[in-house]
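1. could you look at this predicted model? Sequence included:
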Amino acid sequence: MNVDSFDFELPERLIAQTPLAERTSSRLLALNKRTGEIQHRTFTDLEQYIAPGDVLVLNDTRVIPARLIGAKTDTGARAELLLLKQLEGDRWETLAKPAKRLKVGAEIGFGDRGDGTPLLRAVVEEEGEMGGRTVKFMYEGIFPELLDRLGEMPLPPYIKERLEERERYQTVYARHEGSAAAPTAGLHFTKEYLQQLQDKGVIIAYITLHVGLGTFRPMSAETVEEHVMHSEYYELNEHNASLIREAKARGSKVIAVGTTSCRTLETVASQSKDGQVQAGSGWTDIFIYPGYTFKLVDCLLTNFHLPKSTLVMLVSALAGREPIMKAYAEAVEREYRFFSFGDAMFIYE
């Protein structure tokens, strides 16, 4: 299957650069995956598609201020690290820029103690693919506090505007720190709207998937089957696993909020015993594209994604490539906002 099959024209003006003033004020394109019917609604109409007893599964990961901008300690040249995965202790997997100038042994300093020495130093230990670098940090104090002081939110490269308020790149239910990017489908919710859904009888369940390297790397393969996803850490505890099991047992729908929740749920389903969802944790590199048979997810709330991305392939697996391409063409024609701070799509049945 050729990657170009998932390409489409996207005017740059439709890439949302800033979040809306109100989280719930975005538009909602609803796509019936059985009939292909498209409806154009507002986000708060979502509750009309969800029945009491259905379970809404949210990814409660929290984005860390993972973008560090500093300078090489020998030359003073600007250098940047994006923290992707903590390996052990103070060793991290990162994306480096400019990578070609950050060879093994290179040292980068961040911040200033006031005497010209950096608050935080990183030494490159290993070189990886496409700008990947394993670094070891050296510092005095508590690393998360230094990161909070020195780091910036790691907005995707297609967002050029500066984010004025950090929390707008966090979901209102973000709890467990560890992501290099937000699970952006969840940015549309407020605590009040989630409560409104619960008052209707909708069940809220949580999973954790720390979004990592794959979010920042484009597909380089020509065919879908050649692409290899990077692994990301996930957790599902027994309480939330039981909510999902009970929903399936009574015939209610499992609704994934975001592709990260979807991938986690399908990973868990592939490891379940006798079709029963089990609690667990580990690393997943699941790649969902057309031809995949969904085991657990019935419906999906998501944003509008990049052309030729693994995320467009995932939604095409759920709703069909042609209905998705038609929906995206209609979204472009009606000037929906795309990507992280953009509008929402709900794929239902």
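-> Yep, that arrived.
2. residue 201 is in contact with residue 53, isn't it?
-> Yes: between residue 201 and residue 53 a contact is recorded at 6.1 Å, counting by C-beta atoms under 8 Å. Every residue, glycine included, has its C-beta placed from N, CA and C.
3. count the neighbours of residue 160 for me.
-> As a burial measure, residue 160 scores 8 neighbours (other C-beta atoms under 10 Å).
4. separation between it and residue 141?
-> According to C-beta to C-beta, to the nearest Å, residue 160 stands 33 Å off from residue 141.
5. count of neighbours near residue 275?
-> Using other C-beta under 10 Å, residue 275 has 10 other residues around it.
6. likewise residue 149?
-> Quick note: residue 149 (other C-beta under 10 Å) scores 13 neighbours.
7. same check on residue 238?
-> By other C-beta under 10 Å, the burial measure for residue 238, its neighbour count, is 11.
8. chain neighbours aside, what residue packs nearest to it?
-> Among residues not flanking residue 238 along the chain, residue 279 sits closest, at 4.2 Å (C-beta to C-beta, 6 or more residues apart in numbering).
9. and the one you found, its phi and psi?
-> The phi and psi torsions at residue 279 (degrees, to the nearest 10) take the values phi -70, psi 150.
10. now swap in residue 31 and tell me
-> With angles defined as degrees, to the nearest 10, residue 31 sits at phi -120, psi 120.
11. does it have any beta-bridge partners, and if so which?
-> Counting by DSSP bridges, residue 31 is bridged to residue 38, residue 347.
12. distance-wise, check it relative to residue 196.
-> From residue 31 across to residue 196, the span is 23 Å (C-beta to C-beta).
13. for the residue nearest to residue 238, give me its contacts.
-> Residue 279 makes contacts with 236-238, 240-241, as judged by C-beta atoms under 8 Å, 6 or more residues apart in numbering.
14. repeat that for 6 Å
-> 236-238, 241 (C-beta atoms under 6 Å, 6 or more residues apart in numbering).
15. then residue 95?
-> The neighbours of residue 95, taking C-beta under 6 Å, 6+ apart as the test, are 82, 131.
16. what's the helix or strand for it?
-> Assigned by DSSP states H and E, residue 95 belongs to strand 91-97.
17. give the pairing partners of that strand; include direction for each.
-> Note on strand 91-97: by DSSP bridges, its sheet partners are strand 78-88 (antiparallel), strand 132-139 (antiparallel).
18. how many neighbours does the closest residue in space to residue 166 that isn't next to it in sequence have?
-> Spatial nearest neighbour of residue 166, excluding adjacent residues (C-beta to C-beta, 6+ apart): residue 153 at 5.5 Å. By the criterion of other C-beta under 10 Å, residue 153 has 20 neighbours.
19. look up phi and psi at residue 153.
-> Here is the backbone geometry of residue 153 (degrees, to the nearest 10): phi -70, psi 130.
20. per-domain residue ranges of this structure.
-> Per the record, the chain has its domains at 3-63+166-348, 68-150, by automatic domain parsing.
21. pLDDT weak spots in the stretch 101-250 of the chain?
-> Applying pLDDT under 70 to the stretch 101-250 of the chain picks out residues 213-218.
22. ok, the residue nearest to residue 166 to residue 87 distance?
-> Using C-beta to C-beta, we find residue 153 at a distance of 22 Å from residue 87.
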